[in-house]
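Undergrad: Let me see the structure of the following:
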Amino acid sequence: MKKVLIMSSVHPWNDIGVLVYASIAAIILWLYNSLAIGSHQSFAMLLLVMPVWSLADTSLTTVFLTHGLLLALIIVYILKCISAMEESNFV
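TA: Now for the predicted structure:
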């Protein structure tokens, strides 16, 4: 009798899902990096420590919604807007 080995993780769609997920993470981190360029780089780096630490153990959507990655993006965006307003003597 021949044994049939069934493995659910061998399906080719799994590879595509991993690539899409990694691409989404890369786009989010690229966006964060482009927002962090400016006068508040060290603060932006400190904001990203906990979400990246959580990303090692948790999924990207959980880190984005509950571990502070979305909040860090919002804070860095606001800091970027404030820096731009200060440079243009708007404030």
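
Undergrad: which ones are touching the nearest residue to G68 once chain neighbours are set aside?
TA: Ranked by C-beta to C-beta, 6 or more residues apart in numbering and with sequence neighbours excluded, the top spatial neighbour of G68 is P51, at 4.9 Å. Heads up, the C-betas are built off the backbone N, CA and C, glycines and all. By C-beta atoms under 8 Å, 6 or more residues apart in numbering, P51 lies in contact with 63, 67-69, 72.

Undergrad: And these, which is closest to A36?
TA: Nearest to A36 out of those is A72 (C-beta to C-beta; 9.5 Å).

Undergrad: The closest one: neighbour count?
TA: Counted with other C-beta atoms under 10 Å, residues neighbouring A72 total 22.

Undergrad: for the one 4 residues further on, same thing?
TA: Other residues within reach of V76 by the criterion other C-beta under 10 Å amount to 24.

Undergrad: so it, which of the three states?
TA: Secondary structure, DSSP: H, G, I helix; E, B strand; the rest coil: V76 is helix.

Undergrad: Could you check how far it is from Y21?
TA: Distance, V76 to Y21, using C-beta to C-beta, to the nearest Å: 23 Å.

Undergrad: cool, and S83?
TA: 32 Å.

Undergrad: Would you mind identifying the next helix or strand past the longest helix seen in the chain?
TA: In the chain, with assignment by DSSP state H, the single longest helix is helix 12-36. Using DSSP states H and E, the helix or strand that follows helix 12-36 in sequence is helix 41-55.

Undergrad: Just the angle for that next one relative to helix 12-36, thanks.
TA: 160 degrees (axes from the mean of the first three to the mean of the last three C-alpha atoms, to 10 degrees).
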